[in-house]
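Asker: Here is the input, now give the coordinates:
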Amino acid sequence: MRPAALEWSVENCTIGRTMAILGERWTVVVLREVFNGIFRFDDMRERTGIPRQVLTNRLGVLVENGVLRRVPYREPGARARDEYRLTEKGFDLYPLLVAVREWGDRYLADPGGPPLATVHRDCGAEVHAVLICEAGHAEIPPRDVLPQPGPGARRRAVSTPSP
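Answerer: From the prediction side, this is the model:
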């Protein structure tokens, strides 16, 4: 039986579009640093070891796509530089980073446990990424989620085989 998803185009897939921005390894590392309060280029380089040109490119892509914004600063006696701060679009990626961290904690952490926890600022309890539906059902298992065509879905152009 042919999967129903084959009937639909992926040309306007928002997952594909998102991965065009975030899909390079260092991009998510840069986002991790900014979410952890590391805003300056030299501090990111020191903490991560990202090659200078790669970091420049990754920051440029994130700024160009509205995920980060440049904020000028100047240390006394030094030239003006930029810090990189999250935009609202950038903050909206936090659940994704929490989900990636949780997956890594489950499958890739050292025997001593994960190196980072994300906690609720108000009560200190650990924060988790969960699936919920608009009807209010919380913590839906992934196997209970059904992908289906959305309002922007387009039928795939089916080519007929030549004789």
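
Asker: Low-confidence ranges, the chain, go.
Answerer: 159-163 (pLDDT under 70).

Asker: Helices along that one, start to end?
Answerer: 14-22, 25-35, 41-48, 52-64, 88-91, 94-107 (DSSP state H).

Asker: Pick the most deeply packed of the ones you listed.
Answerer: Each of the helices of the chain was assessed for mean neighbour count using mean count of other Cβ atoms under 10 Å. The highest is helix 25-35, with a mean of 18. Any C-beta I mention is one placed from the backbone N, CA and C, and that applies to glycine too.

Asker: Work out the gap between it and the centre of the chain.
Answerer: 8 Å (Cα atoms, centre = their mean, to the nearest Å).

Asker: other SSEs contacting it?
Answerer: helix 14-22, helix 41-48, helix 52-64, strand 80-86, helix 94-107 (3 or more Cβ pairs under 8 Å, 6 or more residues apart in numbering; DSSP states H and E).

Asker: Next, format the helices of the chain as TSV and append distance to A129.
Answerer: Putting those into TSV (distance: least, Cβ to Cβ, whole Å) gives the following:
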stretch	distance to A129
helix 14-22	16
helix 25-35	14
helix 41-48	23
helix 52-64	21
helix 88-91	15
helix 94-107	4
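
Asker: hmm, back to that, minimum distance to P142: which of the helices and strands packed on helix 25-35 has it?
Answerer: Nearest to P142 among the helices and strands packed on helix 25-35 is helix 94-107 (11.0 Å), distances taken as Cβ to Cβ.

Asker: The closest one vs strand 80-86, what angle?
Answerer: 80 degrees (axes from the mean of the first three to the mean of the last three Cα atoms, to 10 degrees).
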